[in-house]
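**Q** 3D model of this:
(2 chains)
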Amino acid sequence: MNESPDASPDAESDLLSGSGLEAEKAKRLAKLDDIRTNGNNPYPYRFDRTHTLSEVRAEHGELEPGTETAARVSIAGRMMLKREQGKLIFATVRDRSDEIQLFVSKAIVGDQAFTDIGNLDLGDWVGVEGIVMTTRKGELSVRVDSLQLLSKALRPLPDKWKGLTDTDTRYRQRYTDLIVNEEARRTFQVRHAVISSFRRTLHGHGYIEVETPMLHLEAGGAHARPFITHHNTLDMTLYLRIALELHLKRLIVGGMERVFEIGRVFRNEGISTRHNPEFTMMESYQAFADCSDVIALTEELIVNAARDAIGTTVVTIDDHTVDLAQPWRQARMIDLVEDAIGVAVHPSQPLEKLRAVAGDHGVSCAPRWGTGKIIEELFEATAEHKLVLPTFVTGHPVEISPLARADRNDPHLTERFELFVGRRELANGYSELNDPVEQRIRFQDEQLAKDAGDDEANGVDEDYLRALEFGLPPTGGLGIGMDRVVMLLSGVHSIKEVILFPTLRPEVF
RNA sequence: GCGCCUCUAGCUCAAUGGUAGAGCAGUGGACUUUUAAUCCAUUGGUUCUGGGUUCGAGCCCCAGGGGGCGCACCA
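**A** Have a look, this model is predicted:
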């Protein structure tokens, strides 16, 4: 006997007659005991199936109503619905590929098996052997000859019709979300297809996939606050990476010519519908290419991903129907600002003039901001929110682009772009700065900002400079936020919908 | 970090400050072609937590917690 006071016979019978969660679990645990008492294992080690459910449907989907075939199949899945009807039981089982109906006849399986099947609970995993048939109404079914419990579910599923809508529970118990919400399954299928498509496109262009460190001595390549960690044996501070850029360009120095990485980066910043502390970036670098090649690649990657993941290039962005296959707009940042405010801006203008323009448009400038930073802030305040249709914003000021090469026609701007879709930044790329002397000056400017208290600024990365001194060929680089691409293509509005286990506060049990 | 909204049965939701309810799930019963099966009966509650106001609080007030949205942050 269980020594727990809760397990006294009275308490146990109370539990078995009730219907709260604890009572439900108690009933199902009691069923487990019965199964074991009868010499069966409720958690067998394996099951051989001959068909996935979609394969059954593909082979037999055209049967006339009331057909019984001779086709014998073994299938496996989770029981989602059960309809008992006297000496018949209809049940719906689902595997990854599809759903199918089980047709259970007491006359065929026998009294004991019929009782056992009737005792199954929604959520249980089952393996079934039987023949393929259709009912009088034409529903494709497997007529059960034998059924084996593959794993017992102790908890009840959410409402079979209303499902699970509580966002907190959906994110914390993603397994439950995936069981009951078709949309969730579809979103993560889209995510898989997008990532797979990116790899295919890049491989098609001769890119090599690489993996670079996540633990960095210096968190560079982007402007963000890092997560800080510690290595015990080496007794040193390490930073989780905030970008992939600097290691990948070292590989271009090494002669790998075309490399990419799809991987997690970590930024110790706020959480919103567009930001998760860990998210997935794709970065690619191509020797002998420049910004214009990268723009073309970006468009190709996303258009291919749309075709591969959702079967169309037509997506809905806010209320607009957009065909991504149409060429995307390109516009310089300074021109977008001028369009928005009617005043021409340029980083070469006097600082005081730009500060005044910024003030006119509600942008308050920090003392250390230069003209380039002010222009970026003006852009974000006045123009960025208009960029619903895919737009490559180009020509960012040098000041805010420490790793990008200066425009060949304008030393104050860079050969850089950011892609905006639906007001969200999706991608960022440029002609890479490969002059080590110039790069050192840019790093030193960053270091000054860092020393002045900017905890998102990077210091001087001496090893990266050493690499550049061995010669980085002309290179075009690209970074794409994969989560946001998935959001675009799957039509969801929160990044938490495309991350299986988004960052949440700890749950209290 | 700030503002607004939200939290009731396993799930989805009700309930003028006046006995906490429904549907689904569960349990018992009927039913050999159901489709969210149907029909009859039925179990199930620390109303997120802690204070307060009140004769009386799921509801009003205060504090705290979780979540959502917006802002801030965000190359």
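**Q** give the burial count for the nearest residue to A:Ser272 once chain neighbours are set aside, as a bare number.
**A** Distances taken as CB to CB, 6 or more residues apart in numbering place A:Ile495 nearest to A:Ser272, at 7.9 Å, with adjacent residues excluded. Any C-beta I mention is one placed from the backbone N, CA and C, and that applies to glycine too. When neighbours are counted by other CB atoms under 10 Å, A:Ile495 registers 21.
**Q** tell me who's in contact with A:Thr212.
**A** A:Arg241, A:Leu244, A:His247, A:Leu248, A:Leu251, A:Glu261, A:Gly263 (CB atoms under 8 Å, 6 or more residues apart in numbering).
**Q** give me the buried entries from those residues.
**A** Among the contacts of A:Thr212, those classed as buried by 16 or more other CB atoms under 10 Å are A:Arg241, A:Leu244, A:His247, A:Leu248, A:Leu251, A:Glu261, A:Gly263.
**Q** in strands, which of the contacts of A:Thr212 fall?
**A** Of those, the ones assigned to strands by DSSP state E are A:Glu261, A:Gly263.
**Q** so where's chain A uncertain?
**A** A:1-15, A:17-18 (pLDDT under 70).
**Q** follow-up on the earlier one: okay if I get the contacts of A:Thr212 as JSON lines plus distance to A:Leu150?
**A** Listed next are the contacts of A:Thr212 as JSON lines, based on distance: CB to CB, whole Å:
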{"residue": "A:Arg241", "distance to A:Leu150": "41"}
{"residue": "A:Leu244", "distance to A:Leu150": "41"}
{"residue": "A:His247", "distance to A:Leu150": "45"}
{"residue": "A:Leu248", "distance to A:Leu150": "45"}
{"residue": "A:Leu251", "distance to A:Leu150": "46"}
{"residue": "A:Glu261", "distance to A:Leu150": "38"}
{"residue": "A:Gly263", "distance to A:Leu150": "35"}
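**Q** hmm, which two among the contacts of A:Thr212 are most spread apart?
**A** Longest distance between any two of these is 14.9 Å, between A:Arg241 and A:Leu251; criterion CB to CB.
**Q** where does the stretch 251-400 of chain A come near RNA strand B, residue by residue?
**A** Contact residues (CB under 7 Å from any atom of the strand) of the stretch 251-400 of chain A with RNA strand B: A:Arg267, A:Glu269, A:Gly270, A:Ile271, A:Ser272, A:Thr273, A:Arg274, A:His275, A:Glu380, A:Ile400.
**Q** what about the third one, how many residues close to it?
**A** Neighbouring residues of A:Gly270 were enumerated by other CB under 10 Å; the total is 8.
**Q** quick check on it: phi, psi?
**A** When quoted as degrees, to the nearest 10, the phi and psi of A:Gly270 stand at phi -60, psi 160.
**Q** same deal with the fourth one?
**A** Here the main-chain torsion angles of A:Ile271 (degrees, to the nearest 10) amount to phi -110, psi 130.
**Q** follow-up on the earlier one: out of the contacts of A:Thr212, who's nearest A:Val393?
**A** Distance to A:Val393, by CB to CB, is smallest for A:Leu244 among the contacts of A:Thr212, at 21.6 Å.
**Q** chain neighbours aside, what residue packs nearest to that closest one?
**A** Excluding its sequence neighbours, the residue lying closest to A:Leu244 (CB to CB, 6+ apart) is A:Glu283, at 4.2 Å.
**Q** A:Val180 is in contact with A:Leu157, isn't it?
**A** Yes - taking contacts as CB atoms under 8 Å, A:Val180 lies within contact range of A:Leu157: 6.3 Å.
**Q** domain map for chain A?
**A** Domains of chain A are assigned by automatic domain parsing as A:5-37, A:53-151, A:182-328+A:389-497.
**Q** make TSV out of those domains and add distance to A:Ala356.
**A** Listed next are those as TSV, based on distance: least, CB to CB, whole Å:
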stretch	distance to A:Ala356
domain A:5-37	64
domain A:53-151	61
domain A:182-328+A:389-497	18
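**Q** which of those domains sits closest to A:Ser364?
**A** Comparison of the domains of chain A against A:Ser364 by CB to CB identifies domain A:182-328+A:389-497 as nearest, at 16.5 Å.
**Q** one step back: let me know the closest of the buried ones among the contacts of A:Thr212 to A:Met333.
**A** A:Leu244 (24.0 Å).
**Q** looks like that closest one contacts A:Gly263 (just checking).
**A** Yes - between A:Leu244 and A:Gly263 there is a contact at 6.4 Å, judged by CB under 8 Å.
**Q** quick one, helices of the stretch 201-350 of chain A?
**A** Counting by DSSP state H, counting those that start in this stretch, the stretch 201-350 of chain A has helices at residues A:245-253, A:291-310, A:333-341.
**Q** please identify the deepest-packed of these.
**A** Highest mean neighbour count among these (mean count of other CB atoms under 10 Å): helix A:245-253, with a mean of 22.
**Q** centre of the chain to it, how far?
**A** With CA atoms, centre = their mean, to the nearest Å as the basis, helix A:245-253 stands 25 Å off its chain's centre.
**Q** packing partners for it?
**A** With contacts taken as 3 or more CB pairs under 8 Å, 6 or more residues apart in numbering; DSSP states H and E, helix A:245-253 sits against strand A:258-266, strand A:278-287, helix A:462-469, strand A:475-481.
**Q** out of those, nearest to A:Arg185?
**A** When the helices and strands packed on helix A:245-253 are compared (using CB to CB), the closest one is strand A:278-287, at 19.1 Å.
**Q** what comes up buried for that closest one?
**A** Neighbour-count burial for strand A:278-287, counted by 16+ other CB under 10 Å, picks out A:Phe279, A:Thr280, A:Met281, A:Met282, A:Glu283, A:Ser284, A:Tyr285, A:Gln286, A:Ala287.
**Q** export those residues to TSV and tack on distance to A:Gly206?
**A** Shown next, in TSV, are the buried residues of strand A:278-287 (distance: CB to CB, whole Å):
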residue	distance to A:Gly206
A:Phe279	27
A:Thr280	23
A:Met281	21
A:Met282	16
A:Glu283	16
A:Ser284	11
A:Tyr285	12
A:Gln286	9
A:Ala287	11
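**Q** quick revisit: quick one: which of the buried ones among the contacts of A:Thr212 is nearest RNA strand B?
**A** Using CB to the nearest atom of the strand, the shortest approach to RNA strand B within the buried ones among the contacts of A:Thr212 belongs to A:Leu244, at 12.1 Å.
**Q** for A:Arg170, which of the helices and strands packed on helix A:245-253 is the nearest?
**A** In terms of CB to CB, the element of the helices and strands packed on helix A:245-253 nearest to A:Arg170 is strand A:278-287, at 18.8 Å.
**Q** what number of residues lie near the residue of chain A found nearest RNA strand B?
**A** Nearest residue of chain A to RNA strand B: A:Gly86, at 2.0 Å (CB to the nearest atom of the strand). Residues near A:Gly86, counting by other CB under 10 Å, number 6.
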